[in-house]
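Asks: no sequence on hand, only this structure:
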């Protein structure tokens, strides 16, 4: 299990740090952005776009993507998720949208950045 305190400086967003704290509390092993999946290639076969889920829970073989962004950015992320699922149907991915994520934070009494949006 990785420790959120050790990885704190590596998180792209405060929401990811808060989510890691929940995983740590429940002693759920996690990895932060361990895989980048190619989702688009140019005509020569070079990768031009990747999707990197926020967390991987190895004991559950589950990827987690937090989408606490503004709605206009969610559309772009949804497109990437759709491509990932088409190209890699064996990948288990759970998406937490803003509302779901804020509910999770409130349930566990965490005052995160996402809870103020």
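Replies: Received, thanks. In this text the structure is predicted, and so the values were computed from the model without any measurement.

Asks: can we go C-alpha only for contacts and neighbour counts from here?
Replies: Noted.

Asks: any idea which helix or strand comes after the helix or strand bottoming out on mean pLDDT in the chain?
Replies: Least confident element among the helices and strands of the chain, by mean pLDDT, DSSP states H and E: helix 4-7 (a mean of 47). The first helix or strand that comes after helix 4-7 along the chain, using DSSP states H and E, is helix 14-25.

Asks: which residues in this protein form strands?
Replies: 31-32, 37-41, 47-51, 55-57, 62-67, 93-97 (DSSP state E).

Asks: now those in a markdown table, with mean neighbour count, distance to residue 79 and mean pLDDT?
Replies: Formatted as a markdown table, the strands of the chain follow (neighbours: other C-alpha atoms under 10 Å; distance: least, C-alpha to C-alpha, whole Å; pLDDT from 0 to 100):
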| stretch | mean neighbour count | distance to residue 79 | mean pLDDT |
| --- | --- | --- | --- |
| strand 31-32 | 19 | 21 | 96 |
| strand 37-41 | 16 | 10 | 97 |
| strand 47-51 | 14 | 10 | 97 |
| strand 55-57 | 20 | 19 | 97 |
| strand 62-67 | 19 | 13 | 93 |
| strand 93-97 | 16 | 13 | 91 |
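
Asks: what would these look like in JSON lines with distance to residue 84?
Replies: Compiled in JSON lines, these are given as follows (distance: least, C-alpha to C-alpha, whole Å):
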{"stretch": "strand 31-32", "distance to residue 84": "18"}
{"stretch": "strand 37-41", "distance to residue 84": "6"}
{"stretch": "strand 47-51", "distance to residue 84": "7"}
{"stretch": "strand 55-57", "distance to residue 84": "15"}
{"stretch": "strand 62-67", "distance to residue 84": "12"}
{"stretch": "strand 93-97", "distance to residue 84": "9"}
